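Asks: A structural model of the following input is requested.
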Amino acid sequence: MNDYDALRDYLLRQKQEELVLSFEQIEEIIGAALPRAAQRASWWDSLRSPDIQMPQREACLAAGFVATRMPDGQSVRFRKQKNERRR
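Replies: You can find the predicted model right below:
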């Protein structure tokens, strides 16, 4: 089980096209603290280095969402992909 499976499952249940979650909300969903790297926008970028396995990115993509860290540095926007890449 991946640490971010709970995030994937949460996103799969969402009906809206876009939602914003604070880091605190994400931590509640996954039941653990996010790593310090989560504060970097690149850590959430769904298009960055697709050949490198990143569990948080894989969880979002598996749910059909792309993630983008918000400018406030404390939250993430999840937006449904137009061409969903669900597994």
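Asks: who's in contact with residue 31?
Replies: With C-beta atoms under 8 Å, 6 or more residues apart in numbering as the criterion, the residues that contact residue 31 are residue 6. All C-beta spots, glycine's among them, are computed from the backbone N, C-alpha and C.
Asks: quick thing: my sequence starts at 49, can you match it?
Replies: I'll keep to 49 as the first residue from here, and by that count the last item is residue 79.
Asks: pLDDT score for it?
Replies: With respect to pLDDT, residue 79 scores 95.
Asks: Please apply the same query to the one 3 residues further on.
Replies: Looking at residue 82, its pLDDT stands at 94.
Asks: residues contacting it?
Replies: 71, 74-75.
Asks: Among those residues, which one lies nearest to residue 107?
Replies: residue 74 (10.6 Å; C-beta to C-beta).
Asks: For the lowest-mean-pLDDT helix or strand in the chain, buried residues please.
Replies: Using mean pLDDT, DSSP states H and E, helix 89-92 stands out as the lowest-scoring helix or strand of the chain, at a mean of 87. Residues of helix 89-92 classed as buried by neighbour count (16 or more other C-beta atoms under 10 Å): 91-92.
Asks: Next SSE downstream of that helix?
Replies: Using DSSP states H and E, the helix or strand that follows helix 89-92 towards the C-terminus is helix 103-110.
Asks: hang on, the earlier thing: buried subset of the contacts of residue 82?
Replies: Judged by neighbour count, with 16+ other C-beta under 10 Å as the criterion, the buried members of those are 71, 74.
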